[in-house]
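Sequence first, predicted model second:
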Amino acid sequence: MIQKDLRATIVLELLFPLTLFIFGAYHGVLQVFYRAGLIQETSFLGIGYYKGLTAHGVINAIVLTTFFAVAFGHAVVSQQLGPSVSAAAAKAGAALMVVGTLVAAGPIFAGKADVLYTFYAPMKAHPLFYIGVVLLVVGSWVSFWGWIPGYLRWRKDHPREKTPLGAVGIFSTFIIWQMCTLPVAYELLVQLIPWSLGLTAGVNVVLSRLLFWFFGHPLVYFWLLPAYVMYYVIMPRLAGGKLYSDFYGRFVFLAFIVLSTPLGLHHQFAEPAISSGYKALHTALTFLVAVPSLLTAFTLAASLEHGARQNGGKGLFAWWAKLPHFDKERWLFPYLFLGLVIFILGGITGIVNASYSMNAVIHNTSWLPAHFHLTVAGPVFLAILGMSLYLSVGVLGKKIVAPRVAVSIPYVWTIGVFTFSAGLFYGGLKGVPRRTNLGMSYLDELSDAYRPDWRIGEYIGAVGGSIMGLAVLLFFYVLVRSLASARSEQQADSFALPESEAYHNEDVGAVRNFRPWIVAGVIAILISYIPPLIQVLGAKYPLVSE
Ligand code: HAS
């Protein structure tokens, strides 16, 4: 059962960022229209390209994801480890995150922080933007720290038991988060805030980028792992079966602690100060980080097959039809299943990006947003939408109104995201830039930069983006109507997340403790990052002041 004194915090942490997400999604739809030349900058209701893109990226990729991970973490940890979470820490964490978000939102909407969600130098924001980000991150740390004493008590009281798998997943998520946010905290506190306050003469841009990307890649696993918790713990039960192997679940979560961070240079293949040897090392480590996801693909496919066969599924492939694809009682299932289907393409294109020579073809083209919408807007976002609906309605003791519409949302979203990405992949291969603020000169017949062959990809992207916008409208229709339904105290008290049993419930010593995995992760970081750091600090580039 989810701890009663956490309910209000969980609901706040789900609904506050979802409210902001209305702006985030709106700016997403405007981006595709703008890119296709269907609207001009001035039609952004006075909101310029970079301002809209910053609001879109910061709200969707930083704010919504962080709040959600904390809220879902409260639910999973308190359900799996008993009433173990410090409600005071949860409230303090939530307050810091809300204040931080509002402090950062001011400069974004005032047009004084057009620095995008990748906020490294030389683009400079108002100091309040950086201060807000710091408060948001510290709030998430405080929430995480509030789980640790209860977990240690649980371990002491249950010396022979394995830590429940969902708690392993959530703790792994936040261990990664804790490790990867320390360098970006340094970047914010020592480089960016003093620079934006005018206290320093300039900033070392290459160091700023190195510190950002140290954080930037594990950040994607911070987004992804709560979805993995749902896939391993909740989805097999919804499919009517069991998780195929408990060991693989644990191994995958713990492997991410080691592998998610020491590979950020794959975002910096074009960086001048770093030698190609270390970029090649990070390429190899990037291929390695795909392994836990490949293990996940096979483990989850086996779990889905088990569930489908329990429902009467037969044959080599015909069993797929026995999964609850359109079951309105198990409406959460397609949010998880379709996220996985989308992730197949998101993952494959990630491997293309990581390949040193192929990266040179697609880097900074529209291929990139296509890739990351098939990852963060695929498995991550569908899991966030589905679980936010499930949790907020459940802990409030309400019921889902219009469950058939709820079932349709992930299908509409999937069609939208595939269409959007198809257009941007096509354009990316033809060289369409990832971002542009040139007033779309390549769509202007009178310009020397006119590229008629780029138009089609952007049009397809605009169709896909509009379909995604429709899915968001349907989501808010179901959410608002469900939140307005009658409340039942008894239903709220008995609400719990579904939990799957394991078909193979192995007990392997190597995956019982976090400690060796954390130590291995720290060693991997030191080996992969200290030499590039020395190279960056030794490079003789002038500091940038503006
Ligand atoms: Fe990425 C850039 C490489 C995963 C997000 N990535 C980005 C950016 C974002 C992002 C936001 O190496 C842009 C950053 C920016 O602003 O500049 N990425 C990878 C690789 C993976 C990967 C190798 N990315 C993600 C995930 C993200 C994400 C996850 C968000 C959540 N990415 C890169 C690289 C760049 C990059 C380069 C920089 C490029 C550049 O030039 O700037 C891997 O982790 C992917 C492994 C995944 C798989 C898929 C496994 C499939 C599963 C589904 C199974 C399905 C089932 C259902 C069971 C191998 C688990 C079956 C159903 C049926 C119907 C069959």
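Nice, thanks for sending it over.

For R309, grab the count of nearby residues.
Per other CB atoms under 10 Å, the neighbour tally for R309 reads 15. C-beta: built from backbone N, CA, C; applies to glycine.

Repeat that for E445.
Neighbour count of E445, defined by other CB under 10 Å: 6.

same thing with L259?
Residues lying near L259 (other CB under 10 Å) number 23.

Check L443 too.
18.

Relative to the whole chain's centre, how far out is the helix or strand bottoming out on mean pLDDT in the chain?
One helix or strand of the chain scores below all others by mean pLDDT, DSSP states H and E: helix 49-57, with a mean of 91. Between the centre of helix 49-57 and the centre of its chain there are 17 Å (CA atoms, centre = their mean, to the nearest Å).

swap in stretch 481-498?
27 Å.

any idea of the mean pLDDT for that stretch?
Per-residue pLDDT values across stretch 481-498 average out to 96.

May I have it as CSV, with CA atoms only?
Extracted C-alpha coordinates of stretch 481-498, given in CSV (Å, rounded to 0.1, in the frame of the first residue of the first chain):
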residue,chain,number,x,y,z
ARG,A,481,-12.8,14.3,-16.1
SER,A,482,-11.4,11.6,-13.9
LEU,A,483,-10.1,14.0,-11.3
ALA,A,484,-13.6,15.6,-11.2
SER,A,485,-15.3,12.2,-10.5
ALA,A,486,-16.6,11.2,-7.1
ARG,A,487,-14.1,10.4,-4.5
SER,A,488,-14.2,7.1,-2.4
GLU,A,489,-12.1,7.1,0.8
GLN,A,490,-12.2,3.3,0.8
GLN,A,491,-10.9,3.1,-2.7
ALA,A,492,-8.0,5.5,-1.9
ASP,A,493,-7.1,3.4,1.2
SER,A,494,-7.0,0.2,-0.8
PHE,A,495,-5.2,1.6,-3.8
ALA,A,496,-1.9,-0.1,-4.7
LEU,A,497,0.3,-0.5,-7.8
PRO,A,498,0.1,-3.9,-9.5
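
Kindly list the main-chain dihedrals of A502?
A502 adopts backbone torsions of phi -100, psi 140, taken as degrees, to the nearest 10.

ok, what's across the strand from it?
For A502, the beta-bridge partners under DSSP bridges are L243.

where's it relative to the ligand, distance?
Between A502 and the ligand the computed distance is 17 Å (CB to the nearest ligand atom, to the nearest Å).

Equivalent analysis for S482, please.
With the distance defined as CB to the nearest ligand atom, S482 ends up 27 Å from the ligand.

Tell me which residues touch that residue, please.
When contacts are counted by CB atoms under 8 Å, 6 or more residues apart in numbering, S482 is found next to L389, V393, K398, K399, I400, V401, A402.

same thing but at 6 Å, please
S482 makes contacts with V393, K398, I400, V401, as judged by CB atoms under 6 Å, 6 or more residues apart in numbering.

just how off-centre is the strand or helix carrying it within its chain?
Using DSSP states H and E, S482 sits within helix 455-483. The chain centre lies 19 Å from the centre of helix 455-483; the measure is CA atoms, centre = their mean.

Same question for stretch 229-238.
Computed by CA atoms, centre = their mean, the separation of stretch 229-238 from the middle of its chain amounts to 18 Å.

and for it, what are the contacting residues?
165-166, 169, 242-243, 249, 300, 303, 307, 330, 333, 336, 383, 498-500.

one step back: mind exporting the next helix or strand after the least confident helix or strand of the chain as CSV, just the C-alpha atoms?
Remark: after helix 49-57, the chain's next helix or strand is helix 64-80, criterion DSSP H and E. Output of helix 64-80 as CSV, limited to C-alpha atoms (Å, rounded to 0.1, in the frame of the first residue of the first chain):
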residue,chain,number,x,y,z
LEU,A,64,8.2,16.8,-15.9
THR,A,65,10.6,13.9,-15.8
THR,A,66,12.2,14.9,-12.5
PHE,A,67,8.9,15.5,-10.6
PHE,A,68,7.6,12.2,-12.0
ALA,A,69,10.6,10.2,-11.0
VAL,A,70,10.3,11.5,-7.4
ALA,A,71,6.5,11.0,-7.2
PHE,A,72,6.7,7.5,-8.7
GLY,A,73,9.7,6.7,-6.4
HIS,A,74,7.7,7.7,-3.3
ALA,A,75,4.9,5.3,-4.5
VAL,A,76,7.1,2.3,-5.3
VAL,A,77,9.4,2.6,-2.3
SER,A,78,6.6,3.1,0.3
GLN,A,79,4.6,0.3,-1.2
GLN,A,80,7.5,-2.2,-1.5
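
Now look at stretch 355-364 and say if it contacts the ligand.
Yes. Stretch 355-364 lies within reach of the ligand by CB under 6 Å from any ligand atom, at N359, H363.

quick one: what helix or strand has the closest residue to the ligand within the stretch 1-150 of the chain in it?
Residue nearest to the ligand within the stretch 1-150 of the chain (CB to the nearest ligand atom): T118, separated by 4.9 Å. For T118, there is no host helix or strand (DSSP H and E).

burial of it, as a residue count?
Residues near T118, counting by other CB under 10 Å, number 14.

Using the three-state scheme, assign the nearest residue to M1 once chain neighbours are set aside.
Among residues not flanking M1 along the chain, A496 sits closest, at 5.4 Å (CB to CB, 6 or more residues apart in numbering). The assignment at A496 comes out as coil when based on DSSP: H, G, I helix; E, B strand; the rest coil.

re the thing from before, who are the packing partners of the least confident helix or strand of the chain?
Helices and strands touching helix 49-57, by 3 or more CB pairs under 6 Å, 6 or more residues apart in numbering; DSSP states H and E, are helix 7-35.

need the contact list for the spatially most central residue of the chain.
Nearest to the geometric centre of the chain sits W223, at 2.7 Å (CA atoms, centre = their mean). For W223, the contact set (CB under 6 Å, 6+ apart) comprises T65, V376, V380.

who in the stretch 201-350 of the chain is up against the ligand?
Counting by CB under 6 Å from any ligand atom, the stretch 201-350 of the chain sits next to the ligand at 220, 223-224, 266-267, 286, 289-290, 293-294, 296-297, 300-301, 340-341, 343-344, 347, 350.

filter those to the buried ones?
Neighbour counting with 16 or more other CB atoms under 10 Å marks 220, 223-224, 266-267, 286, 289, 293, 296, 300, 340, 343, 347, 350 as buried within those.

ok, which pair from these is furthest apart?
Across those, no pair lies farther apart than H267 and L300, at 27.7 Å, counting by CB to CB.

quick one, what contacts the residue of the stretch 101-250 of the chain found nearest the ligand?
The nearest approach of the stretch 101-250 of the chain to the ligand comes at V220, 3.6 Å away (CB to the nearest ligand atom). For V220, the contact set (CB under 6 Å, 6+ apart) is empty.

now it, what's its secondary structure?
At V220 the chain is in helix, as set by three-state DSSP.

Am I right that L189 falls within a helix?
Yes. Assessed with three-state DSSP, L189 lies in a helix.

I'd like the next helix or strand past the longest helix anywhere in the chain.
Scanning the chain for the helix with the most residues, using DSSP state H, yields helix 276-310. Next helix or strand after helix 276-310 toward the C-terminus (DSSP H and E): helix 333-354.

Could you figure out how far that next one is turned away from helix 276-310?
On the basis of axes from the mean of the first three to the mean of the last three CA atoms, to 10 degrees, helix 333-354 is oriented at 160 degrees to helix 276-310.

Could you say which helix or strand holds A273?
In this assignment (DSSP H and E), A273 forms part of neither any helix nor any strand.
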